[in-house]
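*Asks:* Fold the following.
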Amino acid sequence: MSLTENITDSVHQELIEKVWLEAQKCIIDKPEEIRMCMIALLSGGHMLLEGSPGMGKTSLVRTLSKLFGLDSSRIQFTNDMLPADILGTSIFDKNTNSFEFHKGPIFSNFVLADEINRATPKTQSACLQAMEESNIDIDGKHYKLPQPFYVFATQNPVENIGTFPLPESQLDRFLMRIFMKVPSRAGEKQILLGDNPANKIDSLPSILRPEMLTEIYKEVQKIHLSEVVVDYILDIVEKSRTLSTGLSPRASQDLVMAARANAYIDKRDFVIPEDVQRVAPHVMNHRLGVNHLSGSDPISVCSEIIESIEIA
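*Replies:* Numbers count the residues shown, from 1 in each chain. Got it, this is the predicted structure:
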């Protein structure tokens with residue numbers, strides 16, 4: 001049986017479609033945002049969601065964690081938080097006369113880092129090793145995190161009071177950044193006339209399981225990537241490096257994986273340039289050192305780079 005048949009007729013594929021439909025019942029007027037978050041999960045990557053308070057960032061993350069059947073934890077970042085509040089700490093046990101490590105909320109399949117840029121850089125950096133290696137080192141001991149492991153972080157706009165911009169090293173560990181915008185008038189009307197989204201999330205079924213995501217990730221990795229598409233990706237990467245800080249090799253790998261996941265959702269066993277074009281602005285925008293404070297729209301800058309590249 002060919003890979004195309006495996007993907008088209010896969011039970012996993014049917015479940016992914018079901019997740020897509022169920023998510024749109026809770027998150028109104030955000031189809032592209034839902035799709036990009038699903039791509040991040042299928043790619044084994046982390047996601048950064050940015051937008052003003054009340055745009056549905058947390059609701060979107062909670063919805064997907066429930067539908068994907070992931071053991072989740074929520075960390076509300078504040079400016080007085082310490083790294084131990086995330087990773088855990090060793091506490092002396094009088095009965096055993098020794099220190100016992102108590103795991104922090106980072107030990108979960110799916111970590112919602114809410115308003116991550118309200119914490120100081122020292123606390124933000126506590127997530128670096130976990131996001132890169134899926135394990136942490138504390139007090140000379142090595143701890144593995146549950147698999148699969150995802151960090152979905154929400155971030156308030158950097159111009160908001162009380163925020164600390166994420167350093168480049170932290171931003172580069174996120175597969176994508178998406179911006180949560182105000183819904184359309186029709187979408188907001190639907191929200192106002194409908195039930196409380198929080199009530200819908202609580203009643204959602206768990207359609208997938210963690211072990212299924214691991215299997216799907218392996219399927220996504222098998223999606224064919226032609227030399228033509230690889231050269232197209234490299235052209236985009238090289239162009240980005242002439243205009244700004246540019247994309248890192250990690251970003252190039254993320255772009256490949258995200259394009260494969262997009263093809264997987266579309267039931268194809270090969271990547272086409274349109275897959276790259278769809279995901280590239282979200283993979284690139286947080287890595288180019290461009291933000292709204294500079295007077296430029298990060299997504300528009302990325303789109304200009306992509307449009308300037310000719311497909312061989």
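
*Asks:* use CA for all of it now, contacts and neighbours both
*Replies:* Fine.

*Asks:* Point out where the stretch 201-312 of the chain drops to low pLDDT.
*Replies:* Applying pLDDT under 70 to the stretch 201-312 of the chain flags residues 244, 290-295.

*Asks:* Ramachandran coordinates for the most centrally placed residue in the chain?
*Replies:* What sits nearest the mean C-alpha location of the chain, by Cα atoms, centre = their mean, is Met47, with 1.8 Å. Dihedral angles of Met47 (phi, psi; degrees, to the nearest 10) stand at phi -130, psi 140.

*Asks:* pretty sure Gln147 contacts Pro210?
*Replies:* Yes - using Cα atoms under 8 Å, Gln147 is in contact with Pro210, at 7.5 Å.

*Asks:* Can you work out which residues contact both of these two?
*Replies:* Asn109 (Cα atoms under 8 Å, 6 or more residues apart in numbering).

*Asks:* and Leu70, how many residues sit next to it?
*Replies:* By other Cα atoms under 10 Å, 23 other residues sit near Leu70.

*Asks:* who touches it in this structure?
*Replies:* 109-110, 209-210.

*Asks:* same deal with Ala258?
*Replies:* Ala258 makes contact with 39-40, 43, 276, 279, according to Cα under 8 Å, 6+ apart.

*Asks:* just to revisit the earlier point, from His282, how far off is the residue nearest to the centre of the chain?
*Replies:* 10 Å (Cα to Cα, to the nearest Å).

*Asks:* what do these two both touch?
*Replies:* The contact lists of Met47 and His282 share 176-178, where a contact means Cα under 8 Å, 6+ apart.

*Asks:* What about those residues, which one has the most neighbours?
*Replies:* Going by other Cα under 10 Å, Met176 tops the shared contacts of Met47 and His282 with 30 neighbours.

*Asks:* Hmm, it is touching Ala40, no?
*Replies:* Yes - Met176 is within contact range of Ala40, at 7.2 Å (criterion: Cα under 8 Å).

*Asks:* shared neighbours, these two?
*Replies:* Joint contacts of Met176 and Ala40 (Cα under 8 Å, 6+ apart) are 46-47.

*Asks:* Can you list which of the shared contacts of Met47 and His282 are found in helices?
*Replies:* Among those, DSSP state H puts none in helices.

*Asks:* Adding pLDDT and distance to Ser226, write those residues out as CSV.
*Replies:* Formatted as CSV, the shared contacts of Met47 and His282 follow (pLDDT from 0 to 100; distance: Cα to Cα, whole Å):
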residue, pLDDT, distance to Ser226
Met176, 95, 23
Arg177, 94, 26
Ile178, 93, 27
